[in-house]
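Asks: below: sequence and its predicted model.
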Amino acid sequence: MRSFDHHIGIFDSGIGGLSVANAVYGLLPRAVLTYYADTAHVPYGPRPRAEILAFSERITRFLLDRGAQLIVVACNTATAAALPALRKQWPKIPFVGMEPAVKPAAAATRTGKVGVLATQSTIQSERYAQLMARYAGTVEVLENPCIGLVPQIEAGELQTSATRTLLTQIVQPMLAAGVDTLVLGCTHYPFILPLLREIVGPQVQLIDPAPAVARQVARRLQGIVTTDNQQMAHQFIASGAYSALATYTDIPFVECAG
Ligand code: DGL
């Protein structure tokens, strides 16, 4: 039996947050992960903020009860809806959230035009408005709520013609408008990166914040005392049905009941 240094709880509406879990696992192989996929309620994107907040609180409590020492809100939508409330409710727990990478995108664009792919709830959030006010500057930002894309990814349709058609409809107007940088503002989207790259071609910059988030997790873990963790394996918990885990991760998860 191996022992682990830290216990990290990670959640998302579904399997999207595994794009973040994969980066965390790559950087911190000695941490044990408990991943919660709220597949009974995916997608979060079209839901009202209060509902997403309630789900996030319940999942956070669940992960803390299991012994998690740090929580990664591996969901842009849940971060926008719930992060300040979670921090207020559990002031001693370090939380790491996600937000669309508008800042690096604004610094990277050469055409002065950036596209943000995110959910409806994220785009409509106050947090996103603040992010734009702070970092967009003179850069023109075009958003798309990518309706229907998360369910395609949850269904494992990463390369099908239906997903290609949907993704083309989403990004084509952005490309036609001169966008040269695209922000993956939802943790599900890194799983369709190969398809997206095919559609947009080699010149467009695609920004996935997962590696930066993993580095932030590592920073926040400094100073947290290593415990003798009871949990001896990475655990994956889904609130609803889910089975195709191996499509999305190499982390040796044990699938557990919630
Ligand atoms: N993966 C999520 C995000 O980063 C949520 C997607 C959804 O459930 O709509 O926004």
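Replies: All right, it came through fine.
Asks: buried sites along stretch 91-102?
Replies: Neighbour counts over stretch 91-102 (16 or more other Cβ atoms under 10 Å) mark I93, P94, F95, V96, G97, M98, E99, P100, A101, V102 as buried. (C-beta placed from N, C-alpha, C; glycine too.)
Asks: again, but for stretch 222-235
Replies: Those would be Q231, H234, Q235, for stretch 222-235 by 16+ other Cβ under 10 Å.
Asks: which strands and helices sit next to the helix or strand containing E57?
Replies: Here E57 sits within helix 49-65, counting by DSSP states H and E. Other elements packing on helix 49-65 under the criterion 3 or more Cβ pairs under 8 Å, 6 or more residues apart in numbering; DSSP states H and E are strand 6-12, strand 31-37, strand 70-73, helix 76-89.
Asks: make a markdown table out of these and add distance to T226, mean neighbour count and mean pLDDT.
Replies: Shown next, in a markdown table, are the helices and strands packed on helix 49-65 (distance: least, Cβ to Cβ, whole Å; neighbours: other Cβ atoms under 10 Å; pLDDT from 0 to 100):
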| stretch | distance to T226 | mean neighbour count | mean pLDDT |
| --- | --- | --- | --- |
| strand 6-12 | 6 | 26 | 96 |
| strand 31-37 | 10 | 25 | 96 |
| strand 70-73 | 12 | 26 | 98 |
| helix 76-89 | 23 | 22 | 98 |
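Asks: and P202, how many neighbours?
Replies: 6 (other Cβ atoms under 10 Å).
Asks: verify the contact between T227 and H7 for me.
Replies: Yes: using Cβ atoms under 8 Å, T227 is in contact with H7, at 7.2 Å.
Asks: need the overlap of contacts for the two.
Replies: When contacts are counted by Cβ atoms under 8 Å, 6 or more residues apart in numbering, T227 and H7 are jointly contacted by G67, Q69.
Asks: list the neighbouring strands of the helix or strand of the chain with the lowest mean pLDDT plus their orientation.
Replies: Here the helix or strand of the chain ranked lowest by mean pLDDT, DSSP states H and E is strand 253-256, holding a mean of 92. Here strand 253-256 is paired, per DSSP bridges, with strand 234-238 (parallel).
Asks: out of the helices and strands packed on helix 49-65, nearest to the ligand?
Replies: Of all the helices and strands packed on helix 49-65, helix 76-89 sits nearest to the ligand, with 3.6 Å by Cβ to the nearest ligand atom.
Asks: please state the offset of that closest one from the chain centre?
Replies: 13 Å (Cα atoms, centre = their mean, to the nearest Å).
Asks: buried residues in the least confident helix or strand of the chain, which are they?
Replies: F253.
Asks: stretch 203-216 too?
Replies: Across stretch 203-216, burial judged by 16+ other Cβ under 10 Å covers V204, Q205, L206, I207, D208, P209, A210, V213, A214, Q216.
Asks: now the residue nearest the centre of the chain, nearest residue through space, not along the chain?
Replies: With distances taken as Cα atoms, centre = their mean, the residue of the chain nearest its centroid is T187 (3.0 Å). Nearest residue to T187, sequence neighbours excluded (Cβ to Cβ, 6 or more residues apart in numbering): G16, at 3.9 Å.
Asks: neighbours of that neighbour, how many?
Replies: 29.
Asks: distance-wise, check it relative to A74.
Replies: Distance, G16 to A74, using Cβ to Cβ, to the nearest Å: 7 Å.
Asks: T249 contacts N22, doesn't it?
Replies: Yes: under the criterion of Cβ under 8 Å, T249 makes contact with N22 at 5.6 Å.
Asks: for the residue nearest to V102 when sequence neighbours are not counted, give me its contacts.
Replies: Take V102 and drop its neighbours on the chain: the residue closest to it by Cβ to Cβ, 6+ apart is Y135, 4.9 Å away. Contacts for Y135 were tallied using Cβ under 8 Å, 6+ apart; they are V102, K103, A106.
Asks: and the strand or helix carrying M132, average pLDDT?
Replies: M132 belongs to helix 126-135 when assigned by DSSP H and E. Averaged across helix 126-135, pLDDT comes to 97.
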